[in-house]
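[1] Below is the structure, and that's it, no one-letter string:
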């Protein structure tokens, strides 16, 4: 991995400074900000023309970390924040530039043998923490960060599912730090991760599961209900899959599977999470004009399969998914409600589904 002049400057200034975890982020922020701002002032280029510079700065920080043996994710987080702040001093930073910055960070990590997924989390967290200073919407940034992370992981042959899981975790943490809408960021991060995976030829099933798992696991560290995370990640997954022409029924299965796994990992209420995940799936499907009956049925079938895997009563999980689906359908008129109700009524895969009546019109 060859470094340019700016990258070498970053490497040399950081190497003598970062001696422990407590100083890594701030030291890297300062060095990256100064080097980026100085390089841009000298070249008089705009941020849209400095993808190479951005990559050089981040790679320099990674080289420094690799040489002194400190924790890589913290250095990457600091370099991301520093690059964005430095660029912001002399130009307008776009969401596209953010995506390129995250991609460069992950690509550089892979080139020095670092853990791509862990670094994706630090990169996403750092990028999201710059939201307010840039005046950009957290949701737009979340989508772009997700795209950059997936493309970077593909560049170096990283595991896309693990990258998706850690990217959305970092997005949640970073958004919370600046007081942004966490549920909105979850939805757009999920949409970006899944559409990005499709564009690079990734396995949408594993990325969908990893995305939903990560969103749910991250909810425990921020002021967001687990069920809300399940709803938003599932809804975002549907939007992402529809954008790339994917199979919404398969998405429903994978989202429910990820919901169950993620909720079990954090000791949450699996039944409640399944209901809200199904609600998000049907709402998202109705919004994009997909087959709501098929999505609802697939959600129930996946709930049954997943419940057996984690030791939850299949009848409870199936009924929760069915009720979440019908509840969401209620916002889209009688025809939609009837289609979904018919699809999830009775016995499915040998399991009796119990529907609640009357249904309340859901308001998300």
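    Cool, got the structure. The structure presented is a predicted model; accordingly, all values stated were derived computationally and were not measured.

[2] Can you pull out the low-pLDDT segments for the stretch 251-364 of the chain?
    Under the criterion pLDDT under 70, the flagged ranges of the stretch 251-364 of the chain are 357-364.

[3] try 50
    360-361 (pLDDT under 50).

[4] quick one, strands of it?
    Taking DSSP state E, counting those that start in this stretch, the strands of the stretch 251-364 of the chain run over residues 347-348, 351-352.

[5] just these: most buried one?
    Highest mean neighbour count of those: strand 351-352, a mean of 16 (counted as mean count of other C-beta atoms under 10 Å). Just so you know, the C-beta spots here come from the backbone N, C-alpha and C atoms, and that holds for glycine as well.

[6] Point out the other helices and strands that it packs with.
    Where contact means 3 or more C-beta pairs under 8 Å, 6 or more residues apart in numbering; DSSP states H and E, strand 351-352 is packed against helix 314-329.

[7] thinking in terms of the whole chain, how far from its middle is the helix it packs on?
    Helix 314-329 has its C-alpha centroid displaced from the chain centroid by 25 Å (C-alpha atoms, centre = their mean, to the nearest Å).

[8] Quick one: list the elements packing against that helix.
    Helices and strands touching helix 314-329, by 3+ C-beta pairs under 8 Å, 6+ apart, are helix 270-288, helix 292-310, helix 334-344, strand 351-352.

[9] Can you say which of these is nearest to residue 175?
    Nearest to residue 175 among the helices and strands packed on helix 314-329 is helix 270-288; the distance by C-beta to C-beta comes to 18.2 Å.

[10] which helices and strands does the closest one pack with?
    The helices and strands touching helix 270-288, judged by 3+ C-beta pairs under 8 Å, 6+ apart, are helix 226-243, helix 248-265, helix 292-310, helix 314-329.

[11] and the ones you listed as a markdown table, adding mean neighbour count?
    Shown next, in a markdown table, are the helices and strands packed on helix 270-288 (neighbours: other C-beta atoms under 10 Å):
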| stretch | mean neighbour count |
| --- | --- |
| helix 226-243 | 28 |
| helix 248-265 | 26 |
| helix 292-310 | 23 |
| helix 314-329 | 26 |
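
[12] now the ones you listed as TSV including distance to residue 10?
    Shown next, in TSV, are the helices and strands packed on helix 270-288 (distance: least, C-beta to C-beta, whole Å):
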stretch	distance to residue 10
helix 226-243	34
helix 248-265	37
helix 292-310	46
helix 314-329	49
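
[13] Would you mind saying which of these lies nearest residue 156?
    helix 226-243 (22.5 Å).

[14] which helices and strands sit right next to the closest one?
    Other elements packing on helix 226-243 under the criterion 3+ C-beta pairs under 8 Å, 6+ apart are helix 182-199, helix 204-219, helix 248-265, helix 270-288.

[15] As JSON lines, those helices with distance to residue 343 would be great.
    Shown next, in JSON lines, are the helices and strands packed on helix 226-243 (distance: least, C-beta to C-beta, whole Å):
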{"stretch": "helix 182-199", "distance to residue 343": "24"}
{"stretch": "helix 204-219", "distance to residue 343": "21"}
{"stretch": "helix 248-265", "distance to residue 343": "11"}
{"stretch": "helix 270-288", "distance to residue 343": "10"}
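
[16] For residue 328, which of these is the nearest?
    For those, the distance to residue 328 is smallest for helix 270-288, at 3.9 Å, taking C-beta to C-beta.

[17] Please convert the strands of the stretch 251-364 of the chain to TSV, extending it with distance to residue 11.
    TSV is the format used below for the strands of the stretch 251-364 of the chain (distance: least, C-beta to C-beta, whole Å):
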stretch	distance to residue 11
strand 347-348	59
strand 351-352	59
